[in-house]
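Q: Sharing a model prediction with you, sequence too.
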Amino acid sequence: MRKALLVMLGLGVILLVGIAMPTEPLEKRAERMTFNYEDNISGSGTFVNNNKITAQGPHADPRVLSRLADVNLQKTNHGSGSIERELIIISNESTNKQIDPDVVYAFGLIAALDNHSMVYAPQDMSIGNGYYLTHPVKFDSLLGETSQIENYASKTSMSHEIDYAHGVNMDQVASVEDDYYDTGDAKSLSKTLMNLDGDIMEGTANLKMLQGGSRKSKSAWSKPQIYIDQVHTGTFDFATKMNLAVPVYKITREDSWLPCCFSGWMDLRDPEKMDFGVDAKGIFDCTCQEGSQKLSALGGR
């Protein structure tokens, strides 16, 4: 198991490198916060695990209105019986302090490397003193687990869920990442990956992926470009690989202050024009000049 996990870790290191749009080393472009987690669990009894991590960059993401470019990972499992697990989670995110005030570089990345085996069995345990010392409590919970990653920058979600299983063997690599580089014209790359290889005994497995369609929509359910939903019940082996990369470019456009010569005022919507007040119309569409010319012709000042 350790050898297999080390191979997975090597892949995770490659994923951590991410894209390198500028030529400078990553450490010189922005300070960052790092989190590393590792556990090795082996035993029998009853167990519940819940790990959730969120990372984000400091920029207001132009692709998702009014939201930072969050990336999330959540892993849970529970049951009674035996478990052997090796888990590594790494998280990196940029902080608000930038090296160059004219350059915004932001990133958020989370990667999880997981190898585990679970076998269901009811467990009788004596808890505390008194009555429960002589009357053991019976724990009888079938196995279940969930892994989900979310990338708000590309409106992407990948997940797999196992319920009511008698046995689970799983190797998993999951990574979610968003890199953003802005020197006036913004460009970024959002990557989401989930690879699964394992088997399930007498249980139900659900595999899902959703990637939003319209860039103007805040909901990925609005005309999604990718929608995968698979349910399998029984005993089976499976291997699944999902990998999505979404590049995004944003060109900065400047509006003229007096847009009567560039039709900028005419391009505004009526609610936007109201923000300038009722007296602004003549200034921006240049009709105030016509009034001044008429007044001069009549000898006015």
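A: All right, it came through fine. Here the structure is a predicted model, which means the values were calculated and not measured. Numbers count the residues shown, from 1 in each chain.

Q: contacts, neighbours, all on C-alpha from now
A: OK.

Q: Who is M170 paired with across the strands?
A: With DSSP bridges applied, the residues forming beta bridges to M170 are H116, G198.

Q: do S44 as well
A: According to DSSP bridges, S82 are recorded as the beta-bridge partners of S44.

Q: pLDDT wise, what is it at?
A: Looking at S44, its pLDDT reads 92.

Q: give the contact list for it.
A: Taking CA atoms under 8 Å, 6 or more residues apart in numbering, we find S44 in contact with 80-83.

Q: Distance of it relative to K155?
A: Note on S44: its distance to K155, by CA to CA, to the nearest Å, is 39 Å.

Q: Next: R85.
A: When CA to CA is the yardstick, R85 and K155 sit 31 Å from each other.

Q: which residues of the stretch 1-150 of the chain fall in helices?
A: Assigned helices in the stretch 1-150 of the chain, in chain order: 2-17, 26-29, 131-134 (criterion: DSSP state H, counting those that start in this stretch).

Q: Give the other helices and strands that the last one contacts.
A: Using 3 or more CA pairs under 8 Å, 6 or more residues apart in numbering; DSSP states H and E as the contact criterion, no secondary-structure element is in contact with helix 131-134.

Q: Could you list the residues in contact with it?
A: Contacts with helix 131-134, where a contact means CA under 8 Å, 6+ apart, come from 126-127.

Q: Identify each buried residue in it, please.
A: Of the residues in helix 131-134, none is buried under the neighbour-count criterion (16 or more other CA atoms under 10 Å).

Q: send the alpha carbons of it over as CSV?
A: Provided in CSV are the C-alpha atoms of helix 131-134 (Å, rounded to 0.1, in the frame of the first residue of the first chain):
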residue,chain,number,x,y,z
TYR,A,131,-24.9,-0.9,33.0
TYR,A,132,-23.0,-0.6,29.7
LEU,A,133,-20.0,-2.5,31.2
THR,A,134,-22.1,-5.7,31.3
